[in-house]
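Chemist: Provided below are the primary sequence and the corresponding predicted coordinates.
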Amino acid sequence: MQESNTYLMLGGSIVSKHEGDEDILLFKPNGEQDEFGDPVMGAYKLNFPKNVGAFDVRARLQKGNYNILVEYARIGLMRSLLPGYLAHNTLKGNTTIARMYLAIAGGDMDGALRLLQEFLSTVPYCDNTNYEGHYQQLFYIIFSLFGMYVDVEVRTPKGRVDVVMRVAGKLYVIELKLGRSAEAAMAQINLKQYPERFSLSGLQVVKVGINFDVEKHTLGDWVIEE
């Protein structure tokens, strides 16, 4: 291949980490009271993931001034961080994060967004956050920690979808706006015909238009169409 000025380079890497058994306990009130009316403390074991692995494979083809790089990466044994890093009974409790997780898993996106609105309203204000990318990143981080498939800036024939999330047999196509309106976000989804990009997925496509309130720094309003 050297005579034709063509080169093919292959590479890859693998990472595997195993953590030994270790009991880490969290002490918190268990909802009961002693004879003096004081809360009884219960011990709850934290279940950290013990095996985490990842690998990637790369191939580069170079011919003259042209370069083509193909790379595939995968993280193995990676499950939702929510049940792993919280006390075992947290999902049964009346906490915002547990309720949000259960709402999404149950297909109640409206309920989940109401809880997210409540949660984001507690986040301290920071400078330089008044841009859509900031909230797009928040969506990615929060829902990824729930163990759900999330992608951002997904290309379609007519544009790019801000957020795509797959959960409970549904594919959510989400458009975000900042300081405008949820109707404007939904209008863009319909104008650009984003759902057509996923028509062969075999999943029910749900359109979600969300507007963030610039002054309150949380969700302002949203529209959901199934």
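Modeler: Yes, it's here. Residues are numbered from 1 along each chain as shown.
Chemist: all strands of this protein, in order?
Modeler: Remark: strands assigned in the chain by DSSP state E are 6-18, 24-33, 39-46, 51-63, 66-76, 149-156, 159-167, 170-178, 204-213, 218-225.
Chemist: What about the closest residue to residue 115 other than its chain neighbours, how many residues nearby?
Modeler: Nearest residue to residue 115, sequence neighbours excluded (C-beta to C-beta, 6 or more residues apart in numbering): residue 100, at 4.3 Å. C-beta here means a position set from N, CA and C on the backbone, and glycine is covered the same way. Applying other C-beta atoms under 10 Å, we find 23 residues neighbouring residue 100.
Chemist: Then residue 110?
Modeler: 12.
Chemist: wait, it sits on residue 223?
Modeler: No: counting by C-beta atoms under 8 Å, residue 110 stays clear of residue 223, with 9.9 Å between them.
Chemist: shaky segments in this protein?
Modeler: 1-4, 7, 12-57, 64-67, 69-94 (pLDDT under 70).
Chemist: Grab the longest helix from it for me.
Modeler: With secondary structure taken from DSSP state H, the chain has its longest helix at helix 132-145.
Chemist: Check which residues of that one are buried.
Modeler: Under the neighbour-count criterion of 16 or more other C-beta atoms under 10 Å, helix 132-145 has 135-136, 138-140, 142-143 buried.
Chemist: Of those, which is the nearest to residue 120?
Modeler: Ranked by distance to residue 120 (C-beta to C-beta), those are led by residue 138 at 7.4 Å.
Chemist: Setting aside sequence neighbours, what's the nearest residue to that closest one?
Modeler: In this structure, residue 138 finds its nearest non-sequential neighbour in residue 120, 7.4 Å apart by C-beta to C-beta, 6+ apart.
Chemist: Same question for residue 221.
Modeler: Among residues not flanking residue 221 along the chain, residue 182 sits closest, at 4.6 Å (C-beta to C-beta, 6+ apart).
Chemist: Surely the one you found and residue 223 touch.
Modeler: Yes: using C-beta under 8 Å, residue 182 makes contact with residue 223 at a distance of 4.4 Å.
Chemist: Which neighbours do those two have in common?
Modeler: In terms of C-beta atoms under 8 Å, 6 or more residues apart in numbering, residue 182 and residue 223 are both contacted by the residues residue 209.
Chemist: before we move on, back to that, return the residues in contact with the residue nearest to residue 221.
Modeler: By C-beta under 8 Å, 6+ apart, the residues touching residue 182 are 209-211, 220-223.
Chemist: Among the buried residues of helix 132-145, which one sits closest to residue 58?
Modeler: Distance ranking of the buried residues of helix 132-145 against residue 58, using C-beta to C-beta, places residue 140 first at 24.4 Å.
Chemist: Next up, the contacts around the closest one.
Modeler: Residue 140 touches 150, 152, 163, counting by C-beta under 8 Å, 6+ apart.
Chemist: I'd like to know how many residues surround the second one.
Modeler: By that I understand residue 152. Using other C-beta under 10 Å, residue 152 is surrounded by 17 other residues.
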